[in-house]
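Asks: What follows is a protein structure lacking sequence information:
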């Protein structure tokens, strides 16, 4: 009976993050899959990939409005692991048009989607047009928009009729405590802003530190309603929660 119970538990066990990374790397060519890097979770994935000996690309979105600490953090990760981190930039003309028409801080009035669309979504779309899969650090306990994040999914936001994109979320079942336990145990580099109460870190004007009893993504776009707090990188999360 104990053997049957153990077998049943194993059948329902989610694969580990390492198992997901190994599976993803085995299914896609090295130049067709990459890790999206910005925060603590993503560095955990980079560290895991290195330990597993996987050849997976790494890219990061440089919106032009990141904290100075974040730029140094990107360089620290590049140096620590001896890897190439491809920085993706927004189109200069698109940024110029937005700023000329609406100024530098239109998102406080109009919401963040337009600015994120120019500075993050368009560059990401250009990158994903060249990939068949990408790997993210999304976790289910990060926010109300991510409670149903699967370990693997068809990325409906960036797939087209002629080109499908698979998204892997190996840390979906992890908690914040799991992430930081891994970071400390394996001496993984992290953004020093975390030590100052910044839990989820994005662009400088749209990120603030959070209090001890606030949710970790409360500091992102804090002037907006919680169910809309996705920049578009994971927009299908918002679509899902609205449809409930």
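Replies: That came through, no problem. Keep in mind the model is a prediction, meaning the values are calculated, not measured.

Asks: Which other helices and strands does the lengthiest helix in the chain contact?
Replies: In terms of residue count, the longest helix belonging to the chain (DSSP state H) is helix 68-81. Packing contacts for helix 68-81, counted by 3 or more CB pairs under 8 Å, 6 or more residues apart in numbering; DSSP states H and E, involve helix 40-51. For every residue, glycine as well, the C-beta is placed using N, CA and C.

Asks: Which is the succeeding secondary structure element to the helix it packs on?
Replies: strand 57-61 (DSSP states H and E).

Asks: just the angle between that next one and helix 40-51, please?
Replies: Relative orientation of strand 57-61 versus helix 40-51 (axes from the mean of the first three to the mean of the last three CA atoms, to 10 degrees): 160 degrees.

Asks: coming back round to it: packing partners for the helix or strand just after the longest helix of the chain?
Replies: Sequence order places strand 86-88 as the next helix or strand after helix 68-81, per DSSP H and E. In terms of contacts (3+ CB pairs under 8 Å, 6+ apart), strand 86-88 is packed against strand 57-61, helix 122-128.

Asks: Show me where this protein has its helices.
Replies: Taking DSSP H as the criterion, the chain carries its helices at 2-12, 17-27, 40-51, 68-81, 92-102, 107-110, 113-116, 122-128, 176-185, 235-242.

Asks: one step back: list the buried residues for the longest helix of the chain?
Replies: 69, 70, 73, 74, 76, 77, 78, 81 (16 or more other CB atoms under 10 Å).

Asks: what does stretch 119-126 give?
Replies: 119, 120, 121, 122, 123, 124, 125.

Asks: and residue 167, what is it in contact with?
Replies: Shown in contact with residue 167 (CB atoms under 8 Å, 6 or more residues apart in numbering): 133, 134, 135, 136, 152, 153, 154, 155.

Asks: Make sure the second one is actually in contact with residue 168.
Replies: Yes. Counting by CB atoms under 8 Å, residue 134 sits close enough to residue 168 to count as a contact (7.4 Å).

Asks: orientation of the longest helix of the chain relative to strand 57-61 in degrees?
Replies: Relative orientation of helix 68-81 and strand 57-61, computed by the same axes, to 10 degrees: 170 degrees.

Asks: residues near residue 16, how many?
Replies: By other CB atoms under 10 Å, 12 other residues sit near residue 16.

Asks: no wait, residue 96
Replies: 12.

Asks: Same check on residue 62?
Replies: Residue 62 has 20 neighbouring residues, counting by other CB under 10 Å.

Asks: Give me the spatial nearest neighbour of it, chain neighbours excluded.
Replies: Counting by CB to CB, 6 or more residues apart in numbering, residue 87 is the residue found nearest to residue 62 once chain neighbours are left out, at 4.5 Å.
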